[in-house]
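Participant: what's the 3D shape of this:
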Amino acid sequence: GDEQQQLLPKKVEALAGRRVVAVSPGDGHSLAITADGAVWSWGCGGHGLLGHGDEQRQLLPKKVEALAGQRVVAVSAGLAHSLTITADSSISAWGEGETGCLGHG
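Facilitator: Below is the predicted model of the structure:
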């Protein structure tokens with residue numbers, strides 16, 4: 001992975017061979033869903049917004065293991081938080097929660 005500006009569309013090779021069914025770009029991170037309902041995230045990890053339990057930057061897509069066993073059908077990458085909806089209509093939210101945007105009360 002690298003952090004160079006890309007002026008032309010370029011395939012995300014780390015997801016080659018996986019059937020990606022949805023993507024969502026955030027301010028400094030991105031999310032993808034594969035056909036098996038797995039979520040992949042990459043980019044800035046500040047505030048834990050990648051969902052890997054840390055604040056590490058990920059230069060390549062990494063599977064969000066905290067969602068293993070759940071079939072995710074929708075993702076949204078916000079400014080500093082992320083959300084998913086599963087097939088059973090459950091919502092998960094993580095990242096910066098300072099303004100109450102995570103909905104955890």
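Participant: Verify the stated contact: Leu102 with Gly95.
Facilitator: Yes - the criterion here is Cβ atoms under 8 Å, and Leu102 meets it with Gly95 at 7.1 Å. C-beta here means a position set from N, CA and C on the backbone, and glycine is covered the same way.
Participant: okay, and the common contacts of these two?
Facilitator: Shared contacts of Leu102 and Gly95, defined by Cβ atoms under 8 Å, 6 or more residues apart in numbering, are found at His81.
Participant: Neighbour count: the two, which is higher?
Facilitator: Gly95 (23 against 18; other Cβ atoms under 10 Å).
Participant: Tell me who's in contact with Gly53.
Facilitator: Ala66.
Participant: I'd like the distance from it to Val20, if you could.
Facilitator: Using Cβ to Cβ, to the nearest Å, one obtains 23 Å as the distance from Gly53 to Val20.
Participant: Nearest residue to Ser90 in space, ignoring adjacent ones along the chain?
Facilitator: Closest residue in space to Ser90, ignoring its immediate chain neighbours: Gln70 at 7.5 Å, by Cβ to Cβ, 6 or more residues apart in numbering.
Participant: list the contacts for that neighbour?
Facilitator: With Cβ under 8 Å, 6+ apart, Gln70 has these contacts: Gly37, Thr84, Thr86, Ala87, Ser90, Ser92.
Participant: What of Arg19?
Facilitator: Arg19 sits next to Thr34, Ala35 when contact means Cβ under 8 Å, 6+ apart.
Participant: now Leu83
Facilitator: Val75, Ser76, Ile91, Ser92, Ala93.
Participant: Thought Gly45 was touching Val64, still the case?
Facilitator: No - if you go by Cβ under 8 Å, Val64 and Gly45 don't touch, sitting 11.6 Å apart.
Participant: And stretch 97-105, end to end?
Facilitator: 10 Å (Cα to Cα, to the nearest Å).
Participant: Over to stretch 17-28?
Facilitator: Stretch 17-28: ends 25 Å apart by Cα to Cα.
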